[in-house]
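*Asks:* Here's a sequence, model it:
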Amino acid sequence: MEVSKGSMPGIHNKRDGDMSGEELAQCLLDMETWLSTNAADLADPFLKAAGASPEELAKLPDGSPEVLKGLLAKHNGHLPVLDFVLFSCSEVAEACASNKASDKWKEGTVPLGKNPDGDLLVVCASGVHRWDPELGLGMVESESLSTYLEKYRDL
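*Replies:* Predicted coordinates:
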């Protein structure tokens, strides 16, 4: 393989589809370890959050990614992701119900978390986005929740 100065070959594996259960478990372990070591005050609520029950997971909106279900089955909310904190199952359902009346809300959008400014992190058919109550769907942050979590873990 030849690499010229200033260029990096495409040697990384690009995700094709959702994370497997093992990949999600490793991603969560990496985030738990980093948070515990570097941001214990943020890690505490996340690490203490019990996993969601099958009954709670069943109440998630249609179209909720399997990765979200796997994440919430392990820790029911409280994961700090950049300026967002991810929702629990009940908070996902509440955010979905409270925003459906907005003309900016699109069917099939699943709220993932909220930041201090009131913006939501959402996932829909086109990927993971910020959603502003006044402006609606923002630009694509990532093509899937799997990729979004991996990018966060790899920061």
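
*Asks:* Show me the strands in this protein, by range?
*Replies:* Counting by DSSP state E, the segments of the chain that form strands are 80-81, 84-86, 110-114, 120-124, 127-132, 136-142.

*Asks:* wait, which of these is closest to A73?
*Replies:* Closest to A73 of these is strand 84-86 (CB to CB; 13.2 Å). Backbone N, C-alpha and C define where each C-beta goes, glycine included.

*Asks:* which residues are contacting the closest one?
*Replies:* Applying CB atoms under 8 Å, 6 or more residues apart in numbering, the contact partners of strand 84-86 are L71, G77, H78, L79, P80, L112, G113, K114, N115, L121.

*Asks:* How about stretch 121-135?
*Replies:* So stretch 121-135 is contacted by 63, 65, 68, 81, 84, 86, 99, 102, 104-106, 108-115, 118-120, 137-145, 147-148 (CB under 8 Å, 6+ apart).

*Asks:* Give the full set of residues in contact with L82.
*Replies:* So L82 contacts Y152 (CB under 8 Å, 6+ apart).

*Asks:* For the remainder of this discussion, apply numbering that starts at 3.
*Replies:* Let's use 3 as the start, then, which means that last one is L84.

*Asks:* which other helices and strands contact the longest helix along the chain?
*Replies:* Longest helix in the chain, counting residues (DSSP state H): helix 23-40. Applying 3 or more CB pairs under 8 Å, 6 or more residues apart in numbering; DSSP states H and E, we find helix 23-40 packed against helix 42-50, helix 68-76, helix 147-155.

*Asks:* can we see that at 10 Å?
*Replies:* With contacts taken as 3 or more CB pairs under 10 Å, 6 or more residues apart in numbering; DSSP states H and E, helix 23-40 sits against helix 42-50, helix 68-76, strand 82-83, helix 147-155.

*Asks:* now the second one against strand 112-116, angle please.
*Replies:* For helix 68-76 and strand 112-116, the angle between their directions (axes from the mean of the first three to the mean of the last three CA atoms, to 10 degrees) works out to 50 degrees.

*Asks:* in helix 68-76, what counts as buried?
*Replies:* V69, L70, K71, G72, L73, L74, A75, K76 (16 or more other CB atoms under 10 Å).

*Asks:* which of those lies closest to S38?
*Replies:* Of all these, K76 has the smallest distance to S38: 14.9 Å, by CB to CB.

*Asks:* Nearest spatial neighbour of the closest one, chain-adjacent residues omitted?
*Replies:* In space, and not counting its chain neighbours, K76 is closest to G53: 5.1 Å by CB to CB, 6 or more residues apart in numbering.
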